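In: Quick one, fold the following:
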Amino acid sequence: MADNSMPKMPRTPGGAPMGVPKQPNTPKSGESFMERLKSDKKTQGIVAAVVLLLVVIVVVAVVVVKKGENASDLSNTLFGSNSQSQDLNSYSRLNGELTTEEGEDAWVTALMIENLASDSVRPQPGLGDAGIVYETLAEGGITRFVAMFSGEIEAEKIGPIRSSRDYYLEFVSEYDALYGHMGGSPQALEAISGLGIKDLDGMYVGSQYYERDRSIAAPHNLFTSGEKVQFALRDRDLDKLPAVYEPWNFQDSAAPNDRGEGAGVTIDFSTAAYSVDWEYDAPSNEYLRKNGGEVHRDGNTNEQLSAMNVAIQIVPPVKVLDAKGRLQMDLTGSGQAYVLQNGEMISGTWEKTSRTERTRFMDESGEEVSFVRGTTWVEVVPSDRDVTFN
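Out: The predicted structure is shown next:
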């Protein structure tokens, strides 16, 4: 007998007749959320992700509260912040400025920077990034800087790097700094070796951290950078080691109504080309530098060099050591000093008890001066040179 039943349609592995689209797994009308949660894997995944996020938020909130942070800190912890200032929660040991926690006790690098009155040297790149700068005479009436850097250094070019003199080691030793220079006088090189200075001589042990700018005539063309300085600190295992030198005392900048009328100073180191002027700028509460009668700028930024404090350290007259005019300078002991800050001049004394001790500046009552947070320049001036306040 013939079979009159309909032929069976072939089916897909999912059970739907072949050729018939499988219907999406949509919630049934009137189905509750809990019923969907039991049967719908997509809903289960969403709920699990939300629960996990809530757990993370609660855990982070508990940690933040225990650390005493505020709601702003919690927001930054969870979602990050585009503002770099959110990370500036410590003060630099070097100059008292706000910095990151890592920068608070960062090791100091001291760099010898040239100041020849020449277009091939001035304006010096990177000088504006230094936390403290010492200026005094080298031979021939020319001044030279030893600039102290710590923490993150943004300068892509710093220099020109020049040779060492032994009395500059008095400044370097106060910080136990990594000392960058290019050779030096026989007295300096002997002292660097004998005193155990952390040496970064571009002529020998530290040549890889410098490069020459071939567009500038030697020897005025040796430079380093913030990145190379960080590499040097890393390679000497100093990048994670906290500095241990004694900091100066620091204070916040005075309110406008509490500032002075703005004393400035002119220092005649030798010829007019090396005359230094510091002029007070009331709106910024900074002192602006001129050298040789011209605005002294940073060669990277073209901004005028400035300082929150200018300390003038009067030392005994220099002695000439040899036919090349190399000098001897006494920087340990005590003497007259002046500090310009907040539009005022503080008259007092300086004191340094040994090579490795910090130079301290005292007011006339014998109290140690507190420096305004920010860059400080220390002008080390022999007593037979003219210093004029204006």
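In: okay, now Asn300: neighbour count?
Out: 19 (other CB atoms under 10 Å). C-beta: built from backbone N, CA, C; applies to glycine.
In: Could you confirm it falls within a helix?
Out: No - residue state for Asn300 (DSSP: H, G, I helix; E, B strand; the rest coil) corresponds to coil; a helix is not indicated.
In: Residue ranges in this structure under the pLDDT threshold?
Out: Residue ranges of the chain with pLDDT under 70: 1-45, 47, 50-51, 55-86.
In: how does it look with 50?
Out: The model of the chain has pLDDT under 50 over residues 1-24, 60, 62-86.
In: where do the helices sit along it?
Out: 33-39, 41-66, 71-79, 169-175, 186-194, 226-235 (DSSP state H).
In: helices or strands up against the fifth one?
Out: Pointing back at helix 186-194 there. Counting contacts by 3 or more CB pairs under 8 Å, 6 or more residues apart in numbering; DSSP states H and E, helix 186-194 packs against helix 169-175, strand 198-201.
In: Can you lay out the ones you listed as CSV showing mean neighbour count and distance to Leu52?
Out: CSV is the format used below for the helices and strands packed on helix 186-194 (neighbours: other CB atoms under 10 Å; distance: least, CB to CB, whole Å):
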stretch, mean neighbour count, distance to Leu52
helix 169-175, 24, 49
strand 198-201, 22, 50
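In: mind checking which of those is nearest Arg355?
Out: helix 169-175 (4.9 Å; CB to CB).
In: That closest one - contacts with which helices or strands?
Out: strand 109-114, strand 143-149, helix 186-194.
In: buried ones in stretch 138-148?
Out: Buried residues in stretch 138-148, defined by neighbour count with 16 or more other CB atoms under 10 Å: 138-139, 142-148.
In: Any idea how far apart the tips of that stretch sit?
Out: 18 Å (CA to CA, to the nearest Å).
In: With stretch 265-279 instead?
Out: Stretch 265-279 end-to-end distance (CA to CA) = 7 Å.
In: related to what we said a few turns ago, quick one, which of the helices and strands packed on helix 169-175 is packed in tightest?
Out: Ranked by average neighbour count under the criterion mean count of other CB atoms under 10 Å, the helices and strands packed on helix 169-175 are headed by strand 109-114 at a mean of 26.
In: what does that strand contact?
Out: Defining contact as CB atoms under 8 Å, 6 or more residues apart in numbering, one finds that strand 109-114 is touched by 121, 124, 127, 130, 144-150, 153, 158-164, 168, 171-172, 175, 177-182, 200, 220, 224, 229, 232-233.
In: Quick check: the farthest pair among the buried residues of stretch 138-148?
Out: Across the buried residues of stretch 138-148, the longest distance by CB to CB is 22.9 Å; it joins Glu139 and Met148.
In: Hmm, Pro219 and Ser118 touching each other?
Out: No - assessed by CB atoms under 8 Å, Ser118 is found out of contact with Pro219, at 11.8 Å.
In: Identify the residues contacting Glu303.
Out: 128, 297.
In: That one and Gly335: what is the separation?
Out: 33 Å (CB to CB, to the nearest Å).
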